[in-house]
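S.K.: got a sequence here, can you model it:
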Amino acid sequence: MSARRLRLRGLDIGELRVAAVASCATALVALLAVYKDGMAGLLVPLALATVLILLYRPLALAVMVVGLTILCEGPTFGFLHFTSKLYIQIYKGLTPLDILVVLVVLAVGIDAIRRRRPVRVPRALIPGVVMLLLAMLVGIITGHAAGVSLRTVVLSENVLVYVLLLPVVLANLNVDRRQVTILLGGAMALAILKATLGLVEVLGHYGDRFEGMSTLTYYEPTANWLIMIALLWAFATILARARPPRWALLASPLLIASLALSYRRSFWIAAVLGLLLVLLLGTSPVGRRMLLPTGLMLALAIVLLGSIHFQNQIPAVKRVESLAPSKLATNVEDRYRLDERANVLGEIRRDPITGLGMSVPWQATVQPLSAEHENGREYVHFAALWFWLKLGVLGLVAYFAILAGAAVLAWRAWRRSAERLLRAFGLASLCGLAGLVVIETTATFTGVDPRFTVLLCAQIGLLALLDGVPPARAGVPA
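M.R.: This is a model prediction of the structure:
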């Protein structure tokens, strides 16, 4: 059969040659893997073939990586605890998740080259990306000058690389607004699934216990953040009259229960703040006038709840009561955070410009610690101070510039999107970012926790996509 006939039938001689070479190479890899690892080695060429296929499907690969990050919990989650294998260290702190993130970056880059599409960097993110890149260089130089090996200090910035690259990479996916809406629906379904698994964790008593009494749903922040944003989005869709899926609204009690039983005070406060902001920004002037009496009623309910004696043993009530200043001073962990902050501020005063550098622990020279934690001297329970301590003043500026850029993208998605569901997502993200600032005054997740950072970067990437993809034309359904 001639080459011309092959082409007429949809085939190409060059493609056939590539397929033949790939088949021979795969067979050779399979034989070597079986020779070394037995029948289990057959999984090696299958994994390689899957990776090669996904490299030419960047959207599918990105969705898979973000989905796995959401579904696979860490070691503190008792139910389905085997999923924590995704985060085991394989070399100098690097994990399989790092490899998956690199594959996403490669896939989008290959797709841009193959389609000859210029790389787009959202304008709102440029200041944060540039400042973070400079701050990371300062962190490497300062940490190496303090005696840490260059390889160690470079690899310690692996999660910061997520913040640097992932939002920009995901903003260059070749998708339209309809596909973004489908992705948001999938994220809502994942949030409901995670809430259900969290309640299974509580009912089955699989996980950690709070105050020795009740089992937690999720201690790690990723699932709590996803559930909180899902709640804000559902509330925003109601205010926007966006006709969200009925199943999403019916599952809202599951989301509320899961978030409440996490006993994470910072997420509780952020969720309440986010809901009030959604109500303030998403309602008419009449609704806004109801905010003050609503807030007063909420405060009165909290006071009354804490004053009822027979409820003092309820874990949720005890967690609310622990917010009192007198309780903060007596609780060991809260006392530790206060002592830690005093010592970190002392270190920053000594090196306010460059900070300590990456992989350099802070010293308890200002205030003795009430407790010691593993690797606690390299962590700070305040995100802005962590960026300042590790990356210098440029790191502090970069942290706020990244959040400000994400807020700008969320604002644009809310104000400019023609589709109500997408407008609601922009408003929910904007109010959620305000809550994130509150959350990260008691813990540091952005750039430190890999799972949370992947999810946050995916959210920023979706907002950047909405900012870059034109709205549907008049007369054409979105």
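
S.K.: okay, how far is it across stretch 349-368, tip to tip?
M.R.: With CA to CA, to the nearest Å as the measure, stretch 349-368 spans 18 Å from end to end.

S.K.: sorry, slip of the keys, the one I care about is stretch 356-373.
M.R.: So stretch 356-373: terminal residues 19 Å apart, CA to CA.

S.K.: would you mark the buried spots in it?
M.R.: By 16 or more other CB atoms under 10 Å, the buried positions in stretch 356-373 come out as 356, 357, 358, 359, 360, 362, 364. All C-beta spots, glycine's among them, are computed from the backbone N, C-alpha and C.

S.K.: now do it, average pLDDT.
M.R.: For stretch 356-373, mean pLDDT rounds to 83.

S.K.: pull the residues that contact that stretch.
M.R.: Identification of contacts with stretch 356-373 by CB atoms under 8 Å, 6 or more residues apart in numbering yields 138-146, 148, 152-153, 156-157, 332-333, 335-336, 339-340, 342-347, 377-380, 389-391.

S.K.: also stretch 406-420?
M.R.: So stretch 406-420 is contacted by 122, 124-125, 167, 177, 181, 237, 240-243, 281, 422-423, 425-427, 429-430, 433-434, 459-460, 463-464, 466-467, 471-472, 478 (CB under 8 Å, 6+ apart).

S.K.: again, only this time at 6 Å
M.R.: Contacts to stretch 406-420, defined as CB atoms under 6 Å, 6 or more residues apart in numbering, come from residues 124, 240, 242, 423, 426-427, 429-430, 433, 460, 463-464, 466-467, 471, 478.

S.K.: got it, and stretch 64-83?
M.R.: 84, 86, 100, 104, 190, 200-201, 206-208, 219-220, 451, 454, 458.

S.K.: which regions of this structure lie under the pLDDT threshold?
M.R.: In the predicted model, the chain carries pLDDT under 70 at residues 1-54, 207-214, 284-334, 469-478.

S.K.: can you give the domain ranges for it?
M.R.: Per automatic domain parsing, the domain ranges recorded for the chain read 20-55, 56-468.

S.K.: which of those sits most buried?
M.R.: Most buried of those by mean neighbour count (mean count of other CB atoms under 10 Å) is domain 56-468; its value is a mean of 18.

S.K.: tell me where the stretch 351-478 of the chain has helices.
M.R.: Assigned helices in the stretch 351-478 of the chain, in chain order: 383-416, 420-439, 450-468 (criterion: DSSP state H, counting those that start in this stretch).

S.K.: would you turn the ones you listed into TSV with distance to residue 270?
M.R.: What follows is the helices of the stretch 351-478 of the chain, written out as TSV (distance: least, CB to CB, whole Å):
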stretch	distance to residue 270
helix 383-416	13
helix 420-439	3
helix 450-468	13
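
S.K.: who wins for proximity to residue 262 among those helices?
M.R.: Comparing the helices of the stretch 351-478 of the chain against residue 262 with CB to CB, the closest turns out to be helix 420-439 (12.1 Å).

S.K.: circling back to that earlier point, I'd like to know which of the helices of the stretch 351-478 of the chain lies nearest to residue 118.
M.R.: Counting by CB to CB, residue 118 lies closest to helix 450-468 out of those; the figure is 11.7 Å.

S.K.: helices - which of the contacts of stretch 356-373 land there?
M.R.: With DSSP state H as the criterion, helices contain 138-145, 152-153, 332-333, 335-336, 339-340, 342-347, 389-391 from among those.

S.K.: one step back: just tell me which of the helices of the stretch 351-478 of the chain ends up closest to residue 62.
M.R.: helix 450-468 (7.7 Å).

S.K.: any idea of the angle the closest one forms with helix 420-439?
M.R.: Put simply, helix 450-468 runs at 140 degrees to helix 420-439, going by axes from the mean of the first three to the mean of the last three CA atoms, to 10 degrees.

S.K.: tell me which strands and helices helix 450-468 is in contact with?
M.R.: On a contact count with 3 or more CB pairs under 6 Å, 6 or more residues apart in numbering; DSSP states H and E, helix 450-468 meets helix 58-71, helix 158-170, helix 221-240, helix 383-416.

S.K.: contact partners of it?
M.R.: 66, 69, 97, 120, 122, 159, 162, 166-167, 170-171, 180, 221-222, 406, 409-410, 412-413, 422, 429, 445.

S.K.: how about residue 99, secondary structure?
M.R.: Following DSSP: H, G, I helix; E, B strand; the rest coil, the label given to residue 99 is helix.

S.K.: what's the distance between it and residue 461?
M.R.: 19 Å (CB to CB, to the nearest Å).

S.K.: do residue 404 as well
M.R.: To residue 461, residue 404 is 17 Å away according to CB to CB.

S.K.: residue 111 now?
M.R.: From residue 111 to residue 461 the distance is 15 Å (CB to CB).

S.K.: can you map out the strands along the stretch 151-300 of the chain?
M.R.: Along the stretch 151-300 of the chain, counting by DSSP state E, counting those that start in this stretch, strands occupy 209-210, 214-215.

S.K.: which among the contacts of stretch 64-83 gets closest to residue 132?
M.R.: For the contacts of stretch 64-83, the nearest to residue 132 is residue 454 (16.2 Å; CB to CB).

S.K.: among the helices of the stretch 351-478 of the chain, which is nearest residue 60?
M.R.: Judged by CB to CB, the one of the helices of the stretch 351-478 of the chain that comes nearest to residue 60 is helix 450-468, at 14.2 Å.

S.K.: ramachandran coordinates for residue 355?
M.R.: phi 70, psi -170 (degrees, to the nearest 10).

S.K.: that one: what's it in contact with?
M.R.: By CB under 6 Å, 6+ apart, residue 355 lies in contact with 389, 390, 391, 392.

S.K.: quick one, what contacts the first one?
M.R.: Right, residue 389. Contacts of residue 389 (CB under 6 Å, 6+ apart): 344, 348, 355, 356.

S.K.: can you list these in JSON lines and add distance to residue 254?
M.R.: As requested, those are exported to JSON lines (distance: CB to CB, whole Å):
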{"residue": "344", "distance to residue 254": "38"}
{"residue": "348", "distance to residue 254": "42"}
{"residue": "355", "distance to residue 254": "42"}
{"residue": "356", "distance to residue 254": "43"}
